[in-house]
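# Need a 3D model of the sequence below.
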Amino acid sequence: MIFAVIVLIAVALFFDFINGFHDAANSIATIVSTRVLSPGWAVAWAAFFNFIAAFGGGVKVADTMGRGVIEFEMLRAQGPEIVLSVLFAALIGAIAWNLLTWWWGLPSSSSHALTGGLVGTALCALGPHGLVSSGVLKIALFIVLSPLIGMFLGAAMTILTAWIVRHQTPARVDRWFRRLQLVSAAIFSYSHGSNDAQKVMGIIAIVLYGTIWSGRPFGVPFWVVLLCQAAIAMGTLFGGWRIVRTMGHSLTKLLPIGGFCAETGGGVTILALAHAGIPVSTTHTITGAIVGVGLTRGSRAVQWGVAGRIVWAWVFTIPASGLVAAAVYGVVRAIAHAL
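Predicted coordinates for the structure are as follows:
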């Protein structure tokens, strides 16, 4: 049993690594596209702030993922074997979708891939009553709301900052915002670490409290927090350059002032929602913020064909990862019965 738990925690941390690898573009695409930092320095900057979120990000999102998607007590009552099978299948479904969309260069949501994996396996193992409907609906609602909020804040930040610097020369504005973009990239990377790493913390907590610690009250140990933040930071260091090109160059052309506004608007949105315990997609949010910045120059400044491809990836993320996870769960249970 302990060996199986260790293996599953390792798979969860691998998903966290893939999350950082896949979502590195969210943190660094704007700062690379505006040439404020080279790609190597940009990923190091982002990874550092991913990790230090361990010391102030809280665990509200982890609690939502641990007990707000699947009925935890119902799952725990099925026994350790079912708990391990459900979570293994959910993680494999999410990892498969993440790698596929990375290969396609599409910034899909690791958060929603994981949610889809949990939903798909919970339906197989527990039926519809095994889902926390309010939690699933809340996550689904913010698939729509988080990019809209990011778009609004990105546009509002652009209009406000443009008004503040209206009497300055373009060269001076560019110089100022090249420096300020270091701050905005740090804000966004910190928000990415505080939001996305917590989702894996929730999964590891289910593994622990659903198996070897089944008699203890649910919680997130600090060593789990440190492991998850380290895993996502390492993933960011390796980066996902295919998606950097899509986010940083294909959606809209960004100047340093635009990069600052997009990162700040997206980061503030994610931090506020993480504080409320709502697991949102950093990908959706920063994409919305970048589009909002582009819209301040008119609708033609946004490449709507690229944006449309991204939206379709969003739409398919939960059902696609859910179907893969359900299929994996079926295979795992069949093997278990055969043995």
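
# Which SSE is immediately downstream of the helix or strand where residue 186 lies?
For residue 186, the host element (DSSP states H and E) is helix 170-210. Using DSSP H and E, the next helix or strand after helix 170-210 towards the C-terminus is helix 222-238.

# what angle do that following helix and helix 170-210 make?
Between helix 222-238 and helix 170-210, the angle comes out at 140 degrees (axes from the mean of the first three to the mean of the last three CA atoms, to 10 degrees).

# Just give me the neighbour total for residue 159.
A count of nearby residues for residue 159, using other CB atoms under 10 Å, gives 14. For every residue, glycine as well, the C-beta is placed using N, CA and C.

# tell me the contacts of it?
Applying CB atoms under 8 Å, 6 or more residues apart in numbering to residue 159 gives the contacts residue 296.

# now swap in residue 330 and tell me
Contacts for residue 330 were tallied using CB under 8 Å, 6+ apart; they are residue 124.

# and if we set it to 10 Å?
85, 89, 121, 124 (CB atoms under 10 Å, 6 or more residues apart in numbering).

# Kindly report the same for residue 335.
So residue 335 contacts residue 85 (CB under 10 Å, 6+ apart).

# Can you tell me the element it falls in?
Assigned by DSSP H and E, residue 335 belongs to helix 304-338.

# now swap in residue 98 and tell me
Residue 98 belongs to helix 80-104 when elements are defined using DSSP H and E.

# and the gap between the residue of the chain positioned farthest from its centre and residue 173?
Residue farthest from the centre of the chain, counting by CA atoms, centre = their mean, is residue 167 at 38.5 Å. For residue 167, the distance to residue 173 equals 10 Å [CB to CB, to the nearest Å].

# now swap in residue 72 and tell me
From residue 72 across to residue 173, the span is 51 Å (CB to CB).

# now residue 259
Separation of residue 259 from residue 173 (CB to CB): 13 Å.

# Which one's more surrounded, those two?
Between residue 259 and residue 173, counting by other CB under 10 Å, residue 259 is the more crowded of the two (27 against 18).

# any idea which helix or strand comes after the lowest-mean-pLDDT helix or strand in the chain?
Of all the helices and strands that make up the chain, helix 241-245 has the lowest average by mean pLDDT, DSSP states H and E, namely a mean of 52. As assigned by DSSP H and E, the chain's next helix or strand after helix 241-245 is helix 256-275.
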